[in-house]
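1. mind folding the following:
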Amino acid sequence: MKILPIILSLILLSQLSLTDALGELDVTTNNLVFAPGEPLFVYGNGMPNESLIIRLFAPDNTIAVFEQIMTKDDGTFHFFLTEWVQPTENLPFGSYILEVISNQQGGISQSFVIKFASTSELSSVPLERVVTTTVFAPETSAVNNVFRVFIQTSSDGLLIGDNPEEILGTSHVHLPNGQIDTLETQLKTLHQGLYYVDYFPPLEGTYVFHMVAFDEGNISHGSAATYVVEQDISDISEQILELNQVIDDAQRELTKLQGETSQFGATLESASSNIDKSVTTISSSVESIEEGSSQLNALLFPIVASIAIILALQIVIIARRR
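-> Numbers count the residues shown, from 1 in each chain. Below you'll find the model as predicted:
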């Protein structure tokens, strides 16, 4: 009979120990959507005289407010955390995460999303974080030439993320032959929320970069395409520049040839004029020769006739003597 009370006492103690181990933490706020100038109160129930940590995360996952409080003897607490001021670059409108952590109950915590907006009307503002992924890739590139792709991840206008393997771990690229190349280990951090990857394309065709951002249970997709050609655009540009140089040289030579041709035309005109003058002079000379020849014939005819008469007389004289 004495064993039964002992067993009941042990069961009761074990239940109490289990309750203490599991603990309790119930947290709420005075509102879910806050406008500038409104206070943020955090209240609820925990263990008696328990240390609680309260953290308010901005949209970029940085801690905007950090406080540590103690619960009352009955485990309740009511704490003024902050008053929402006008939005700034570090505290813009958007979704914030409120987290309360117990230091004495195995680190149990409770968190939920609240909204900082221009109005506190719940119906007009959805309580969700909007993660955005933007990809910047060159339009064209060349085979076996490395090019860089940039990725930006943001939430409610603020850059988020630190380790690219965590926030962009499932990002990949679709190759022209249908294969998929994962980018998990190739991504590098340029700045919080800004990442890049240097990619080496082995094939000609279109490469589609598919970036997937996952943060606080929210997912976002971003894509960009790059067309890879066989020859580098820079080489084509150099060839075009060389061709332009050749065209310029040819144009200069043509201009020089045109100048020389124009001078040659003037020379031809001058030579033609001189030839005309020479022909005229020769014609005049021929006419003079013809006149001289006529005069010479007129002078020689009597002499020749006289010589013929003398020869004839001599022949007659010789014949008579014989």
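2. centroid-nearest residue for this structure?
-> Most central residue of the chain, judged by C-alpha distance to the mean C-alpha position with CA atoms, centre = their mean, is residue 138 at 4.1 Å.
3. pretty sure it sits in a helix.
-> No. Counting by DSSP: H, G, I helix; E, B strand; the rest coil, residue 138 is not found in a helix; it is coil.
4. if I look at it, how far off is residue 86?
-> Using CB to CB, to the nearest Å, one gets 40 Å for the distance from residue 138 to residue 86. Just so you know, the C-beta spots here come from the backbone N, C-alpha and C atoms, and that holds for glycine as well.
5. circling back: I'd say the residue nearest to the centre of the chain and residue 145 touch.
-> No. The pair residue 138 and residue 145 fails to qualify as a contact (CB atoms under 8 Å) at a distance of 10.3 Å.
6. re the thing from before, who touches the residue nearest to the centre of the chain in this structure?
-> Contacts of residue 138 were listed using CB atoms under 8 Å, 6 or more residues apart in numbering, and they are 147, 148, 149, 226.
7. ok, and what's touching stretch 197-209?
-> Outside of stretch 197-209, the residues that reach it under the criterion CB under 8 Å, 6+ apart are 135, 137, 141-149, 151, 171, 173-177, 183, 186-188, 223-230.
8. for ChimeraX, write the selection for the buried entries among those residues.
-> Buried subset of these, written as a ChimeraX selection, criterion 16 or more other CB atoms under 10 Å:
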select :135,137,141,142,145,147,149,151,171,173,174,175,183,186,187,224,226,228
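9. now do the strands in the stretch 1-150 of the chain.
-> Under the criterion DSSP state E, counting those that start in this stretch, strands of the stretch 1-150 of the chain are mapped to 26-29, 33-34, 39-45, 51-57, 63-70, 76-83, 94-102, 109-116, 131-136, 140-142, 147-155.
10. got a markdown table for those, with mean pLDDT too?
-> As requested, the strands of the stretch 1-150 of the chain are arranged in a markdown table below (pLDDT from 0 to 100):
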| stretch | mean pLDDT |
| --- | --- |
| strand 26-29 | 92 |
| strand 33-34 | 92 |
| strand 39-45 | 94 |
| strand 51-57 | 94 |
| strand 63-70 | 93 |
| strand 76-83 | 94 |
| strand 94-102 | 92 |
| strand 109-116 | 90 |
| strand 131-136 | 93 |
| strand 140-142 | 90 |
| strand 147-155 | 93 |
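11. just checking, residue 196 is part of a strand?
-> Yes. In this structure, residue 196 lies within a strand as judged by three-state DSSP.
12. show me what contacts it?
-> For residue 196, the contacting residues are 148, 149, 150, 151, 187, 188, 190, taking CB under 8 Å, 6+ apart as the criterion.
13. just give me the neighbour total for the last one.
-> Other residues within reach of residue 190, judged by other CB atoms under 10 Å, total 14.
14. who are the neighbours in contact with it?
-> Applying CB under 8 Å, 6+ apart to residue 190 gives the contacts 150, 196.
15. can you count the residues close to residue 73?
-> Other residues near residue 73 number 7, with proximity taken as other CB under 10 Å.
16. just use 54 as the starting number from now, easier for me
-> OK, 54 is where the count begins now, so the last one is residue 126.
17. the closest residue to it other than its chain neighbours and residue 107, how far apart?
-> Counting by CB to CB, 6 or more residues apart in numbering, the nearest residue to residue 126 once its immediate chain neighbours are dropped is residue 101, at 5.4 Å. Applying CB to CB, one obtains 18 Å for the distance of residue 101 from residue 107.
18. those two: who's more crowded?
-> With other CB under 10 Å as the criterion, residue 101 and residue 107 differ in neighbour count, and residue 107 comes out ahead with 19 against 13.
19. correct me, but that one touches residue 121?
-> Yes. Taking CB under 8 Å as the definition, residue 107 is a contact partner of residue 121 at 7.4 Å.
20. which residues are common contacts for these two?
-> Common contact partners of residue 107 and residue 121 (CB under 8 Å, 6+ apart): none.
21. ends of stretch 235-248, what's the gap?
-> Across its full length, stretch 235-248 reaches 15 Å between end residues, using CA to CA, to the nearest Å.
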